[in-house]
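Undergrad: give me the fold of what follows.
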Amino acid sequence: MQRLSLGKSVLRVRDLAAMREFFARVLRLPLLVQSTTTAVFELGTDIRGHTQVLMLISGDGADAPQHLTLEVSDDQFPATCEHLRAQGAALFESDNSSAPGCAWRILTCQAPEGHRLQVVSIDPGRCAPASAFPPATTHP
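TA: Take a look at the predicted model:
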């Protein structure tokens, strides 16, 4: 998985054990570092080779429920989908797209503490081919 639009990459939580279990068991994210008050998970590596992480911190002032969105590649989607659906996630697939790169597959599930999680992927087999669009013309 890789970070797509995780509003915050640090979440303050009330129940660190429950949140750590969710991200490890349900999302199968690698746990990089943990202590009695923190857990850091690897989301993936971006195109520049930088590791993307999610940090959970327990203590006072837990964050209000967040809407978390993560992206998974097309080749990882079938296994991710099967696993998350077995965990109770719902699958939504957009209609075939008339534009390149727009046929989304979205898995949604409830995370602990009221957080909503979406795992998204583009299905290139249902996207319009780039050649379907006429080449741009320039006017003198």
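Undergrad: every contact and neighbour count from this point should use C-alpha atoms.
TA: OK.
Undergrad: and the top helix by length along the chain, what does it pack onto?
TA: As assigned by DSSP state H, the longest helix anywhere in the chain is helix 77-86. Packing partners of helix 77-86 (3 or more C-alpha pairs under 8 Å, 6 or more residues apart in numbering; DSSP states H and E): strand 104-110.
Undergrad: neighbouring contacts of the helix or strand following the strand it packs on?
TA: Sequence-wise, the next helix or strand beyond strand 104-110 is strand 116-122, with elements assigned using DSSP states H and E. Here strand 116-122 makes contact (C-alpha atoms under 8 Å, 6 or more residues apart in numbering) with 65-74, 77, 101-111.
Undergrad: buried among these? Make that a PyMOL selection.
TA: The command below creates a PyMOL selection of those among those that count as buried (16 or more other C-alpha atoms under 10 Å):
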select buried, resi 66+67+68+69+70+71+72+77+101+102+103+104+105+106+107+108+109+111
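Undergrad: any idea of the mean pLDDT for the longest helix of the chain?
TA: The average pLDDT within helix 77-86 is 86.
Undergrad: I'd like to know which elements the very next helix or strand once past it is packed against.
TA: Under the assignment DSSP H and E, the closest C-terminal helix or strand after helix 77-86 is strand 90-93. Packing partners of strand 90-93 (3+ C-alpha pairs under 8 Å, 6+ apart): strand 104-110.
Undergrad: which pLDDT value goes with the residue most central in space within the chain?
TA: Compute the mean C-alpha point of the chain, and by C-alpha atoms, centre = their mean the closest residue is Leu70, 1.3 Å away. Note on Leu70: pLDDT of 84.
Undergrad: can you pull out the helices in the protein?
TA: Applying DSSP H to the chain gives helices spanning 16-21, 77-86.
Undergrad: got the buried residues for the first one?
TA: Spelled out, that is helix 16-21. Buried residues in helix 16-21, defined by neighbour count with 16+ other C-alpha under 10 Å: 16, 19-20.
Undergrad: contacts for it, please.
TA: 13, 37-39, 56-58, 111-112.
Undergrad: go through the residues you listed and flag which are in strands.
TA: Members of those lying in strands (criterion: DSSP state E): 13, 38-39, 56-58.
Undergrad: perfect, that will be all.
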